[in-house]
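Chemist: Build the 3D model from these lines:
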Amino acid sequence: MDARDGTGPADVVVVGGGLVGASLAYELACEGAQVTLIDAAHRGRASDAGAGIVSPQTLRDPDDAWCAFGSSAAGHLRTLLSRMAADGVDPGPEAFAECGSLAVALAEHEDPWFSDLVARAAARGAPVVEVAPEEARRLFPPLGRVWRALHNPAGARVDGRRLTAALLRAARARGVAVVDGEADGVERRGDRVTAVRVADRALSCGAAVVAGGAWSARWGECLDVRLPVTPTKGQIVHVVSPRAQDADSGRWPIVQPVANFYLVPWPGGRVACGGTFEAEAGFDVRPTAAGVRDLLRECVAIAPGLGDATFHEVRVGLRPTCADDRPLLGAVPGWENAYLCTGHGAEGLMLGPYSAALVAGAVLGRHLPALAPFAPARFSR
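Modeler: Reported below is the predicted structural model:
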């Protein structure tokens, strides 16, 4: 099917061209819907900068249901990649890799946090195993001294840039129209959205879904609801180790200290260290001297073997953080055909595609109990 140009009416208009919006467009198109996706391509969107850690087994959140949601999301990523491959779209080997992960305590005083993590993972039946510090360093050669280490062989990483680009290709191949520009409002008839406005155009639709990431809150005024989503700035530095360029660094596990920044390895000796949490930075997407200093200092403290690595780049993303640290998924209160899929915070690259699949189902009229805990109505009561 050839991609539409967006001039005609759509069954669904999706606002937001990051990983969540692209996933929504693809899921809806796979169900036969005519979809128009509006992409403002905001500088600093989280999909382009996130580390992409997929390790729900080692989430430290005490909410078991939330961690189960994460496990379902991790499984959905694998299903999604298979479906895209069947559609003839290959995001490439770096888009997703099962590399495993290591949760580590660097010193004895971190033992209570580490022990709590081990207990939670065991209670949830996670396939994790504690390994000796020497084994942890064998798995991740640049690693320094650690007190304890927990290996999760199911851990994986996802490249948000590559996966989003591949999803957009797959969506276009299924007829999705992509309109560049920033949506700035809706037209309505009673409790129904009839069109989404972009510049001087009104894109007619049968339903609208807001997947605007950190920029979602501005839609609260358009939809007469409270959307408590704010940007949390995150800086991530990438370094390249000359000693690891010929090694298979893409097979190294992710390193997740219980009280420090994380390290995410990639092929070619590249390692990402992140990320800062700057809740008061607003929409500032500048790399800062203090942020880079803190990241590089902790990177070398955790992995002294990266001390001679070359500084490669800094990525800055704005995580869409909801007031209760849970996403907004599902129908907008007071509207018959408006939906939200946003507010994933730091877990968007893991949770976003699964959330998008669920919300796509709701748009198409399915009753999905999995959405109930994340209903936007919880903020309108």
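Chemist: Ends of stretch 215-225, what's the gap?
Modeler: Across its full length, stretch 215-225 reaches 15 Å end to end, with Cα to Cα, to the nearest Å as the criterion.
Chemist: Now do it: everything it contacts.
Modeler: Applying Cβ atoms under 8 Å, 6 or more residues apart in numbering, the set of residues contacting stretch 215-225 from outside is 15-16, 40, 42, 185-186, 210, 212, 226-230, 320, 328, 332-335, 338, 340, 342-343, 376, 379-380. Where C-beta positions appear, they are placed from N, C-alpha and C, glycine not excepted.
Chemist: what sits against the nearest residue to Arg226 once chain neighbours are set aside?
Modeler: Distances taken as Cβ to Cβ, 6 or more residues apart in numbering put Phe379 closest to Arg226, at 5.1 Å, once the chain neighbours are dropped. With contact set as Cβ under 8 Å, 6+ apart, Phe379 has these partners: 225-228, 323, 328.
Chemist: out of those residues, who has the most neighbours?
Modeler: For those, neighbours were counted using other Cβ atoms under 10 Å, and Leu328 has the most, 29 neighbours in all.
Chemist: Settle this for me: that one is touching Val229, isn't it.
Modeler: Yes. Distance between Leu328 and Val229: 6.8 Å, which falls inside the contact criterion (Cβ atoms under 8 Å).
Chemist: Identify the contacts common to those two.
Modeler: In terms of Cβ under 8 Å, 6+ apart, Leu328 and Val229 are both contacted by the residues 216, 322, 342-343.
Chemist: now for the residues you listed, which pair is the farthest apart?
Modeler: Of all pairs drawn from the shared contacts of Leu328 and Val229, the greatest distance, 9.2 Å, lies between Ser216 and Cys322 (Cβ to Cβ).
Chemist: nearest spatial neighbour of Ser71, skipping sequence neighbours?
Modeler: Pro56 (4.6 Å).
Chemist: which ones are touching the one you found?
Modeler: Residues 67, 70-71, 73-74, 350 are the ones in contact with Pro56 under the rule Cβ under 8 Å, 6+ apart.
Chemist: Could you report the pLDDT at it?
Modeler: Confidence at Pro56, expressed as pLDDT, is 97.
Chemist: how far away is it from Arg120?
Modeler: 11 Å (Cβ to Cβ, to the nearest Å).
Chemist: Run a quick neighbour tally on the residue nearest to Ser204 when sequence neighbours are not counted.
Modeler: In this structure, Ser204 finds its nearest non-sequential neighbour in Pro9, 3.9 Å apart by Cβ to Cβ, 6+ apart. Other residues within reach of Pro9, judged by other Cβ under 10 Å, total 13.
Chemist: same check, this time on Leu203
Modeler: Leu203 is flanked by 23 other residues according to other Cβ under 10 Å.
Chemist: Helices of the stretch 1-150 of the chain, start to end?
Modeler: 19-30, 64-86, 111-123, 133-139 (DSSP state H, counting those that start in this stretch).
Chemist: Tell me which of these lies nearest to Pro369.
Modeler: Of all the helices of the stretch 1-150 of the chain, the one in closest proximity to Pro369, counting by Cβ to Cβ, is helix 64-86 (11.5 Å).
Chemist: Give the buried residues for that closest one.
Modeler: Along helix 64-86, these residues count as buried under the neighbour rule (16 or more other Cβ atoms under 10 Å): 66-67, 69-71, 73-74, 76-77, 80-81, 84.
Chemist: which residues of the stretch 101-250 of the chain fall in strands?
Modeler: Counting by DSSP state E, counting those that start in this stretch, the stretch 101-250 of the chain has strands at residues 101-105, 129-131, 148-152, 156-158, 177-180, 183-189, 192-198, 201-210, 229-240.
Chemist: quick one: the longest one to strand 201-210, angle?
Modeler: It stands for strand 229-240. Using axes from the mean of the first three to the mean of the last three Cα atoms, to 10 degrees, the interaxial angle of strand 229-240 with respect to strand 201-210 works out to 80 degrees.
Chemist: next SSE after strand 229-240?
Modeler: Using DSSP states H and E, the helix or strand that follows strand 229-240 in sequence is strand 254-257.
Chemist: Residue ranges of each domain in the protein, please.
Modeler: By the record's domain assignment, the chain is partitioned as 10-48+161-228+323-379, 101-153+231-322 (automatic domain parsing).
Chemist: Figure out the length between the terminal residues of the longest one.
Modeler: Yep, that's domain 10-48+161-228+323-379 we're talking about. 29 Å.
Chemist: now swap in the shortest one and tell me
Modeler: For domain 101-153+231-322, the separation between the terminal residues is 27 Å (Cα to Cα).
Chemist: repeat for stretch 220-229
Modeler: First-to-last distance for stretch 220-229 - Cα to Cα - comes to 10 Å.
Chemist: just how off-centre is it within its chain?
Modeler: When distances are taken as Cα atoms, centre = their mean, to the nearest Å, stretch 220-229 is centred 22 Å away from the chain's centroid.
Chemist: what does stretch 58-66 give?
Modeler: From the chain centre to the centre of stretch 58-66 is a distance of 17 Å (Cα atoms, centre = their mean).
Chemist: Name whatever forms a beta bridge with Arg157.
Modeler: Here Arg157 sits in beta bridges with Ile53, Ala97, going by DSSP bridges.
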